[in-house]
Each structure stands twice: as structure tokens, then as C-alpha cells.
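**Q** fold the stuff below for me.
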Amino acid sequence: MDFDISKVSGIGDYHTERATLGKGNDAEEVIIYRVPEENSVTSPMKPFLILRKNTLEVRTDAKLRDLLREKYESVMESRYFGKGGVEIVNSGQLSTDELNDLVRLSFNMSKEITA
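**A** Model prediction:
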């Protein structure tokens, strides 16, 4: 999915990595964006954004997840975050500003988890 994280204001440092999710014919190359761990070198960094070929996934709370799924056909439960996030199909239903807000929220939620 074409998404430019450099245009999202209000987020701090993050790490990126390419990964393969799934197995066999279901394997898919993704880019995972993670919040750096501030308190411990041994703890894994928490992901806040998963970019797939045609979708992006972000962390959300339950109320926002339900609202987005009711409002937009292009929003579904996240494959990576499960009930803790949403997956958004690149269909143009959500504006760039809305996507940026969701990424910013996901970053902040993930940062709170690592603190």
C-alpha cells in the first residue's frame, strides 16, 4: 500500500523492518514499524503499523475499532493485532488525514505499552 509515514506529524522515533508473515502460499512480505523500547534493551519493540501490499494495519481501542468497522466497508479486524486493531483496505474511503490520525494514535498506544 502506498503510505508515506514521513508525512505523519506528531510521532517520534521508530524502527522499520521487512518481514514475511504467514506460511506457504499465504506468506506475504510486509513492512513493520515499531516503537523503540525506552526502558529495556531485552524487551521486543511494539509494532504500531503493518504495511501490506494493499492494506495497512494499526492498533486501536475497541470503541474506535467498532466505529470504523461500522462506518467504512474497507475497515476490518486486523490480522496482526486481532481485536486490538484494524486493517484498512486502500480504497479511498478514508482520507489521508484520517489515516495519519490512526497511525499517530497507534504509535501513541504502542508507546504507552512499552513504557
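**Q** contacting residues for the nearest residue to Gly22 once chain neighbours are set aside?
**A** In space, and not counting its chain neighbours, Gly22 is closest to Glu28: 5.4 Å by C-beta to C-beta, 6 or more residues apart in numbering. Just so you know, the C-beta spots here come from the backbone N, C-alpha and C atoms, and that holds for glycine as well. Going by C-beta atoms under 8 Å, 6 or more residues apart in numbering, Glu28 touches 20-22, 52-53.
**Q** a markdown table please, covering those and showing pLDDT, neighbour count and distance to Arg34.
**A** Output for the contacts of Glu28, formatted as a markdown table (pLDDT from 0 to 100; neighbours: other C-beta atoms under 10 Å; distance: C-beta to C-beta, whole Å):
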| residue | pLDDT | neighbour count | distance to Arg34 |
| --- | --- | --- | --- |
| Thr20 | 93 | 9 | 16 |
| Leu21 | 89 | 14 | 14 |
| Gly22 | 87 | 11 | 19 |
| Arg52 | 95 | 18 | 16 |
| Lys53 | 92 | 9 | 20 |
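**Q** now those in TSV, with distance to Pro36?
**A** Listed next are these as TSV, based on distance: C-beta to C-beta, whole Å:
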residue	distance to Pro36
Thr20	23
Leu21	21
Gly22	26
Arg52	23
Lys53	26
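**Q** of the residues you listed, which is the nearest to Lys63?
**A** Closest approach between those and Lys63, by C-beta to C-beta: Arg52, at 24.5 Å.
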